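**Q** take a look and give me a structure for this.
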Amino acid sequence: MPAVSKGDGMRGLAVFISDIRNCKSKEAEVKRINKELANIRSKFKGDKALDGYSKKKYVCKLLFIFLLGHDIDFGHMEAVNLLSSNKYTEKQIGYLFISVLVNSNSDLISLINNGIKNDLASRNPTFMNLALHCIANVGSREMAEAFASQIPSILVAGDTMDSVKQSAALCLLRLNRTSPDLVPMGEWTARVVHLLNDQHLGVVTAATSLITTLAQKSPEDFRTSISLAVARLSRIVTSASIDLQDYTYYFVAAPWLSVKLLRLLQCYPPPEDAALRSRLTECLETILNKAQEPPKSKKVQHSNAKNAVLFEAIALIIHHDSEPTLLVRACNQLGQFLQHRETNLRYLALESMCTLASSEFSHEAVKTHIDTVINALKTERDVSVRQRAVDLLYAMCDRSNSKQIVAEMLSYLENADYSIREEIVLKVAILAEKYAVDYTWYVDTILNLIRIAGDHVSEEVWYRVIQIVINQDDVQGYAAKTVFEALQAPACHENLLKVGGYILGEFGNLIAGDPRSSPLVQFNLLHSKFHLCSVPTRALLLSAYIKFINLFPEVKPTIQDVLRSDSQLRNADVELQQRAIEYLRLSCIASTDILATVLEEMPPFPERESSILAKLKKKKGPGKVPDMDEARWNVNGNTEHSENTEPTNKAPSHPFTDLLNMNSSPAAGASLLVDVLSDLSSPAPAPTTGPGPTDVCEEHFSRFVCKNNGVIFENQLLQIGLKSEYRQNLGRIYVFYGNKTSSQFLSFSSSVTSSDTLKTQLNVHTMPVDPTVEGGAQLQQILNIECLSDFSDTPVLNVQFRYGGTLQNIAVKLPVMLNKFFQPTEMTSEDFFQRWKQLGVPQQEVQTIFKAQHPMDTDVTNAKILGFGVALLTGVDPNPANFVGAGVIHTKNTQVGCLLRLEPNPQAEMYRLTLRTSRESVSQRLCDLLSEQF
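**A** Next up, the predicted model:
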């Protein structure tokens, strides 16, 4: 690189920077910057032409001011003019300014492109490097169109200097990432592969990065790189550190190049040529052997570089999955890291062993470390490492150790972090299904799962229990007895009540002979928990009651009194009211025979894929969960492929073959994700031929109950942020769509959809959006909302765009809840209790008792109640530990007053929440929303 002359020190820039640093306040800094900007502007507009040094100095000052966070709206042309200078320092500052400040849509792009073309054609390596760096830094589509065809020829030209080849390779890599459709694949692709043999390791490193990316797109065009990569890797791993002195990092020879070569080889299957395969095996064995050698340095940089190569070599061994010896050695090496003092190494070892566990060659070797993994689950401080330990236990589980692993997971679940509880629940449910050796163990496991982590047990899990119990006669009596005993606990989770209500309604007669579980005792047990349940659970219990009338005529009068009560016949919820009226009339007018026919036992469910596994795959993402659908499992852990794909309601002939029907083919025309109970109230839908609907994302929905701003959705392409404001019955949401990629989103559109009922309760008006979102840019959309009447459903935001030629569909649950239309109301203690008594009708009160899901912190609770929208009333409740609030929900048609009382019990880690409003539907909805926040 040319030497910088003494006169290039730019004393004026140094003085300006010194002045900025010496400013005592922000105002003084702004004043000094404004003074300098005025001076620079006058110099640029002056009649006297500036020399190159002055232009460079002033452009450099503008760049410094921009980096301080101030907007710069002039000086771009002067920077472009510097590109035509023959002095390196002036040209360098011009390119630097352009790379940082010039937008890809600037009108100056054509002038900049001309300057870059001149420098690329100059054959001056210094100027060529500057031009290539600028192209890579800007990386716009316009530059890709202008130079994508020229850069490959520079890269493979015989007379191009090594430093320029490096820059050209990395520049082409950048353009391929931003505009892959514009990078031509031609004759140069065969020639670029031979750069792996280049004498200069910097060129080889840059070329390997480029070839790896291109090979992922067009593997056949770069298949010849396999032999060259193996040869180069062999030379590196067998060389001494002094042989590659310039590229040795803390006694590790060319670690970055080794890692890149190993990643390139992971783009292809194992080499077919025996000699090449043997040479690659030798390289991998050498890397594993070096990992066993004592360290040559105690510095962390040495171990980091050494382990980086080792983990990438293990990743290649796992990818090839063809050498049993290497796989077992890799597993043993990873096992040594499981107890390493470095947290990152333990994490990486667990992650790699998860993949090794899926290989038939190394599965048994992985299982030998089960005690170490269980210990990590119990003692590890870092939650991310504990999560990897859970993943590894799930991956290594088989018929021989399933009971131990499930028991350890259940034990850990009681103290597990909330962020991973749902995932653990799903995995325990799947393992209990897959490896159940008898039905009683499965039922005990799932009921225990609901007891420990009921809030995290999804509907798919308890649906699955119902399916198994109904389909298998020999477990029905045991299941009825078990749930009856579980329901006798003072506090049982609502999911357990759902399972108990369903099973006792179907099979309570199997345990009715015992006086301790007589029909009346069963009914009283269920009904004692009726008032604590949500509406769907109450509806299920009403169905269980009418089933009791059929099973036990002696309790008919008692149940009819319950159905006849005002709280049922005049219930504000239409579903509950309709069920109570219909069941009451059915019990009064129907004969015994008709009742027996209408309320007969549920028939066996058709076989279908586990919706629990589908949910886990959705949660973890594609490719993260082992596929369990390829074969049917029997009790010995062997597999037998199913020859009959027709669905049947008949139980398997062998009592343990496919015990839980987990891997069976679904019924013809039925969705694989249909819930077990989906066809109880309506016939199965006709088969469809089009693509299924987009899954609605609800991951961050609950976070917005008590706040108005934040990120509602994010994946590798798009981030959606919300900023909301509400006043009385009107609201406005600013939706920000952020393009996280460097490519454009085309045909971008967004809309809000609502159910037919919600459309009569909530008006949502969406403003149009620009159909194009540039790479790295953000787009704003405004949604205007009007609340017409109280509602419980939620609108859905649908986003559609094209990325890389593929149509992307995203559906996000929009956090517009009833509590958003609260207006806080201040009250005295006397006014509060007077109003509380006025709202004393049973239908106006909803109360729930629930377990605390988060630490019981007073300040956090205060903030959540205020965020919920009500006024927090202090000094009202006689117990100062309780929280009391009041507010009015505004709709276009009416106003609904609301009073709430939250009573914490820190010793039991429980809350009791009571809400009273003038409408029961409002009370229930607000209770459901707020109880999920604590």
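
**Q** and the nearest residue to residue 444 once chain neighbours are set aside, its phi and psi?
**A** The shortest distance from residue 444 to any non-neighbouring residue, by C-beta to C-beta, 6 or more residues apart in numbering, is to residue 482 (6.8 Å). Yep, even glycine has a C-beta here, placed from its N, CA and C like the rest. Here is the backbone geometry of residue 482 (degrees, to the nearest 10): phi -70, psi -50.

**Q** for residue 776, see how far away residue 482 is.
**A** 57 Å (C-beta to C-beta, to the nearest Å).

**Q** who has more neighbours, the two?
**A** Between residue 482 and residue 776, residue 482 has the larger neighbour count (other C-beta atoms under 10 Å), namely 19 against 13.

**Q** who touches residue 895 in this structure?
**A** 888-889 (C-beta atoms under 8 Å, 6 or more residues apart in numbering).

**Q** can you name the residues bridging to it?
**A** Beta bridges link residue 895 to residue 890, judged by DSSP bridges.

**Q** how about residue 291, what does it touch?
**A** Contacts for residue 291 (C-beta under 8 Å, 6+ apart) come out as 306-307, 310, 333.

**Q** so residue 846 touches residue 920, yeah?
**A** Yes. Applying C-beta atoms under 8 Å, one finds residue 846 in contact with residue 920, separated by 6.9 Å.

**Q** and stretch 793-804, how far out from the chain's middle?
**A** Remark: stretch 793-804 is offset 17 Å from the chain centroid, using C-alpha atoms, centre = their mean, to the nearest Å.

**Q** now it - C-alpha only, PDB.
**A** Below are the C-alpha coordinates for stretch 793-804, written out as PDB (Å, rounded to 0.1, in the frame of the first residue of the first chain):
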ATOM      1  CA  ASP A 793     -62.200 -12.900  19.300                       C
ATOM      2  CA  THR A 794     -59.000 -11.500  17.800                       C
ATOM      3  CA  PRO A 795     -58.300 -10.100  14.300                       C
ATOM      4  CA  VAL A 796     -55.500 -11.600  12.300                       C
ATOM      5  CA  LEU A 797     -52.800  -9.700  10.400                       C
ATOM      6  CA  ASN A 798     -52.000 -11.400   7.100                       C
ATOM      7  CA  VAL A 799     -48.700 -10.400   5.300                       C
ATOM      8  CA  GLN A 800     -47.800 -11.600   1.800                       C
ATOM      9  CA  PHE A 801     -44.700 -10.900  -0.300                       C
ATOM     10  CA  ARG A 802     -42.200 -12.500  -2.700                       C
ATOM     11  CA  TYR A 803     -38.700 -13.100  -1.600                       C
ATOM     12  CA  GLY A 804     -36.200 -14.700  -4.000                       C
END
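
**Q** looking at the chain, which helix or strand is least sure?
**A** One helix or strand of the chain scores below all others by mean pLDDT, DSSP states H and E: strand 632-633, with a mean of 31.

**Q** find the nearest non-adjacent residue to residue 177, please.
**A** Leaving aside its sequence neighbours, residue 177 sits nearest to residue 742 (C-beta to C-beta, 6+ apart; 6.6 Å).

**Q** now do the contacts for the residue nearest to residue 719 when sequence neighbours are not counted.
**A** Spatial nearest neighbour of residue 719, excluding adjacent residues (C-beta to C-beta, 6+ apart): residue 738 at 4.0 Å. Contact analysis of residue 738 by C-beta under 8 Å, 6+ apart lists 718-721, 777-779.

**Q** looking at this, residue 738 is in a strand?
**A** Yes. Counting by DSSP: H, G, I helix; E, B strand; the rest coil, residue 738 is located in a strand.

**Q** sketch out the low-pLDDT regions of the protein for me.
**A** Regions of the chain meeting the criterion pLDDT under 70 cover residues 1-9, 47, 104-106, 240-243, 245, 607-694.

**Q** just the residues contacting stretch 849-860, thanks.
**A** 418, 454-455, 491, 493, 532, 904, 906, 909-913, 931, 934.

**Q** check the gap between residue 271 and residue 860 for me.
**A** From residue 271 to residue 860 the distance is 58 Å (C-beta to C-beta).

**Q** compare these two (neighbour count), which wins?
**A** Taking other C-beta under 10 Å, residue 271 and residue 860 do not tie; residue 271 has more neighbours (18 against 13).

**Q** and the more buried one, that's in a helix?
**A** No. Residue 271 is assigned coil when assessed by three-state DSSP, not a helix.
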